[in-house]
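Student: got a sequence here, can you model it:
(chains A and B, ligands or ions: 2)
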Amino acid sequence: MAIKRRDFLKLTGLTLLGTAASAAVGDLLTRGEVKAQEYTSPPEALKGKRWAMVIDVKKCKEGQKKGCGKKCIEVCHYLHNVPSIPDKKKEIKWIWEDKFEHAFPEQADEYLKEVFKDVPFLLLCNQCDDPPCVRVCPTQATFKREDGIVMMDFHRCIGCRFCMAACPFGARSFNWFDPRPYVKKVNPEYPTRMKGVVEKCMFCYERLAQGKIPACVEACPANALIFGDLADENSEVSKILKERIAIRRKAELGTHPSVFYLID
Amino acid sequence: MLEKALKGSKKYWLWVLFLLSIIFIGFLCYLYQFKVGLGITGMSRDVSWGFYIANFTFLVGVAAGAVMIVLPYYWHNYKEYGKITVLGEFLAVAAVTMCILFVFVDLGQPMRVFNVVRFPTPNSIMFYDVIVLSGYLLLNLICGWTVLHSEYKGTKYPSWLKPIIYLAIVWAPSIHIVTAFLYQGLPGRHFWLTAVMAPRFLASAFSAGPALVLVAALLLKKVANFDPGKKAIDSLAKTVAYAFIINVLLFIFELFTAFYSGIHSHQAPIKYLFVGLEGHAEWVPFMWVATILAIIGILLLVIPYTRKNETTLVLACIAVFISCWIDKGIGLITGGYTPTPFETITPYKPTLPEIGITLGVWAIGFLIMTILYKIVLEVKSSKELVVKYEGVLYKK
Ligand code: SF4
Ligand code: SF4
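Tutor: Ligands and ions are numbered 1, 2, ... in the order given. The predicted structure is shown next:
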């Protein structure tokens, strides 16, 4: 009996260590990127290698002056059944507007603050190229697709909120309550969420699959939002970024955000 | 052996009943949370971890602290710890159980907890934390129980246990190193992004863990005629003293880096915790209580007279324990989330049901500890004759 027990314990210990070690080496190298399962996208789908967004803050300001009514936010939140929760502390948002000093706190000296005093900055998930949220998620409920979009699987998420601690941009929201009573008009085309899971912007992956650009980009009457593939030299976003001055949020952290802000 | 926990004095049953009622209240609060969601807590979009994770972090430390007793006993053959090693091991069992429960009650979708096992994700530090914590629980349960069982039978523990004991010893530091890694590798959380996080975790564990064992041992001496041995107590007190001083020093190093470098983002959380920031000072009183307790604790522990006096020693240990709890529990978590990524401040305050659940988990831990310690005492006292006569212990 004693021998058997010892062998058994040794064996379990070794197997445990072995699995952990081999998996660790493999996965640390790929940093948790997930290969898509066999899936053929429909022919009309937009395809890219690294989807990105460029936001022209001056145009956005003009658009708001002309009374766009922040269509981008409205459309996105309607299409994706994002609840409007009155309690600021528990709110859920995919795309929202904030001040320069909150979007770029480390750059906000008194002069820049003055320059950008009433310039709106639209904030959303940056679809980081090296996303810390994906790195920390213990279930791969958040993962990066091959086209660069950082995805959320609402059905796998256990609600540990490790990803919220890891995201340096405050891009993620958690369903503190059942969100359904707070969704004014339900869009039946898109799932609603249940309590206890994390959510965020996913660059309208569902629209890309139908050959459509993200809803916010389409909705903006001022054309302040530009969407395209960074890996494609000739895409509109690549061309703009070569010519104009764009900054990214907290670039020093090395997450490589794919959302750019044109400030010239 | 388990039957030993079923016989006890009136005081014992009153204590158990008291713990059970707190567990019951905590359970009711949890049902409420389970139904409504984590929204019943004070956590928010900006401060998305709170009291639960704070207690989890602190208790990881307590659990591994037991190694400071187990290691000298088995590794250096320090016989004086013979009586309290099993207390240390069982403390670890109770503490790790609480850790696991705290993580569990913090989940938004607790029914999916096994997704962590179904989809093992080795790039997540949480994956390793699950492995090291459950491993540590198992190791301590096996070691403590087997050694005690052999004592019960009047034999020496079986030889197959020796490698497992050694494994448990080297395993212990891993649980805080990995837990510290949960925090110290996150970009943009300035309070956590520091290489001394893991050493700080170790130091606070090696003080808070043994401090609790000390208090427990001296309490058992009072209420249950258990004699831990004078030398054991004295050695353990020294361990607490050294480890706690290192813990405080590491924090002071942190202050130096933040304030001498002048980097604003490193200072902000510290300012928020100790003096308040932009009109927010929710945790300032707590941090100063922790500071004062730390000073009291160190003074009582380094002055030989107060360290050798049991009453002041117990006070010192309680001071150390609470100070570590405030610093490593609540201070670490709120400091990490303040200021927010937008350099704003969202205050966090636990709600009543949140505190209820927290107390419930603590009560479960104490219940486990009570039952295990009761068995230990019964086994030990059945092996030796101890009489208390006019307040003095006499042994055969
Ligand atoms: S912005 Fe935050 S949530 Fe979005 S990919 Fe980057 S780290 Fe992840
Ligand atoms: S909350 Fe969900 S998505 Fe975020 S880390 Fe946990 S399991 Fe992953």
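Student: for the chain, what spans make up the strands?
Tutor: You didn't pick a chain, so chain A it is. Taking DSSP state E to define them, one finds strands in chain A at A:51-56, A:95-98, A:121-124, A:142-144, A:150-152, A:173-174, A:198-199, A:225-229, A:246-247, A:259-262.
Student: chain B is the one I meant
Tutor: Using DSSP E, strands in chain B cover B:386-389, B:392-395.
Student: least confident of these, on average?
Tutor: Ranked by mean pLDDT, these bottom out at strand B:386-389, with a mean of 56.
Student: ligand 2 contacts on chain A?
Tutor: Residues of chain A lying near ligand 2 by CB under 6 Å from any ligand atom: A:136-137, A:139, A:141-142, A:157-163, A:198. Where you see a C-beta, it was placed from the backbone N, CA and C, and this is true even at glycine.
Student: quick one: low-confidence ranges for chain B?
Tutor: By pLDDT under 70, the weakly predicted segments of chain B are B:384-396.
Student: how about the stretch 1-150 of chain A?
Tutor: For the stretch 1-150 of chain A (pLDDT under 70), the answer is A:1-39.
Student: coming back round to it: redo the strands of chain A as CSV? Include mean neighbour count and distance to ligand 1.
Tutor: Below are the strands of chain A laid out as CSV (neighbours: other CB atoms under 10 Å in any protein chain shown; distance: least, CB to the nearest ligand atom, whole Å):
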stretch, mean neighbour count, distance to ligand 1
strand A:51-56, 24, 12
strand A:95-98, 18, 12
strand A:121-124, 23, 8
strand A:142-144, 23, 7
strand A:150-152, 21, 4
strand A:173-174, 24, 10
strand A:198-199, 24, 9
strand A:225-229, 22, 16
strand A:246-247, 16, 15
strand A:259-262, 22, 8
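Student: quick one: closest of these to residue A:217.
Tutor: strand A:225-229 (4.4 Å; CB to CB).
Student: kindly calculate the angle that the closest one makes with strand A:51-56.
Tutor: 150 degrees (axes from the mean of the first three to the mean of the last three CA atoms, to 10 degrees).
Student: let me know the average pLDDT across strand A:225-229.
Tutor: Over the span of strand A:225-229, the pLDDT mean works out to 95.
Student: what is the neighbour count of the closest residue to residue A:225 other than its chain neighbours?
Tutor: Nearest residue to residue A:225, sequence neighbours excluded (CB to CB, 6 or more residues apart in numbering or on different chains): residue A:217, at 4.4 Å. Using other CB atoms under 10 Å in any protein chain shown, residue A:217 has 23 other residues around it.
Student: contacting residues for residue A:217?
Tutor: A:53, A:72, A:225-227 (CB atoms under 8 Å, 6 or more residues apart in numbering or on different chains).
Student: residue in the stretch 1-150 of chain A with the shortest distance to ligand 2?
Tutor: residue A:137 (3.2 Å; CB to the nearest ligand atom).
Student: can you give me the helices in the stretch 251-396 of chain B?
Tutor: For the stretch 251-396 of chain B, the helices defined by DSSP state H, counting those that start in this stretch occupy B:264-274, B:284-302, B:304-308, B:310-324, B:332-337, B:352-383.
Student: which bits of the stretch 151-300 of chain B sit near chain A?
Tutor: B:158, B:160, B:163-164, B:167, B:182-183, B:186-189, B:265 (CB under 8 Å from any CB of the partner chain).
Student: just the buried ones among those, please.
Tutor: Buried by 16 or more other CB atoms under 10 Å in any protein chain shown: B:160, B:164, B:167, B:182-183, B:186-189, out of those.
Student: now do residue B:318 against residue B:282, distance only.
Tutor: 24 Å (CB to CB, to the nearest Å).
Student: closest to residue B:85 out of the buried ones among the residues of the stretch 151-300 of chain B next to chain A?
Tutor: Nearest to residue B:85 among those, with distances taken as CB to CB, is residue B:164, at 13.9 Å.
Student: thanks again, I'm all set now.
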